[in-house]
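Peer 1: okay, sequence plus prediction incoming.
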Amino acid sequence: MKLTARGHYSVKALLDLSLQPKNSPVSVKAIATRQDIPAPYLEKILIEMRRAGLVKSVRGSIGGYQLAREPKQISLGEILEAVGETMIQLPNFSPEPSQAEDWVTDCLWRRLHQKLKEALYSITLADLYYDARSWQASLGEEASFVV
């Protein structure tokens with residue numbers, strides 16, 4: 001799986017939302033500025049995230065976007081799936097019974113594919129948040145950061 005800019009921006013935007021105190025709504029412009037994402041592009045991504053139930057929009061002068069669930073309930077796999085970043089399906093392969101090496105190789109790739117998919121759905125925004133905070137602390141940096 002290759003993470004495109006779309007997938008990368010999606011993760012950055014939701015991680016930015018996870019950093020907001022009391023899940024306060026944040027404007028597209030604020031996220032775009034902090035994360036260096038073009039605002040019109042970010043708006044399209046957030047609309048897709050809203051349709052997937054990962055964020056909700058709040059109207060009004062103090063409106064914006066906020067997480068629809070707790071960060072520990074939103075997986076990396078869900079985020080990527082919401083913007084069309086999916087793992088490529090492995091082709092159906094039926095090696096001849098006499099080709100044991102091909103059979104073993106096919107089984108190995110299928111298992112690796114399944115484990116990667118499981119990993120993407122087991123890593124949450126909360127995990128990414130704590131990983132980023134730990135990395136930042138190891139560098140001795142301040143508490144606020146850009147993803």
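Peer 2: Arrived safely.
Peer 1: what helix or strand is Ser57 on?
Peer 2: Following DSSP states H and E, one finds Ser57 within strand 55-58.
Peer 1: list the strands paired with that strand, with their directions.
Peer 2: Applying DSSP bridges, strand 55-58 is found paired with strand 64-67 (antiparallel).
Peer 1: quick one: mean pLDDT for the partner strand?
Peer 2: Mean pLDDT, strand 64-67: 96.
Peer 1: which residues touch the next helix or strand along the chain from that strand?
Peer 2: Scanning forward in sequence from strand 64-67 by DSSP H and E, the next helix or strand is helix 76-82. By C-beta atoms under 8 Å, 6 or more residues apart in numbering, the residues outside helix 76-82 that reach it are 3, 7, 10-11, 14, 48-49, 51-52, 54, 86, 117, 120-121, 123-125, 128. All C-beta spots, glycine's among them, are computed from the backbone N, C-alpha and C.
Peer 1: what is the helix or strand harbouring Arg110 packed up against?
Peer 2: Using DSSP H and E, Arg110 falls within helix 100-122. Contact partners of helix 100-122 among helices and strands, from 3 or more C-beta pairs under 8 Å, 6 or more residues apart in numbering; DSSP states H and E: helix 76-82.
Peer 1: packing partners of the helix or strand of the chain with the lowest mean pLDDT?
Peer 2: Here the helix or strand of the chain ranked lowest by mean pLDDT, DSSP states H and E is helix 125-139, holding a mean of 81. Under the contact definition 3+ C-beta pairs under 8 Å, 6+ apart, helix 125-139 sits against helix 5-18, helix 76-82.
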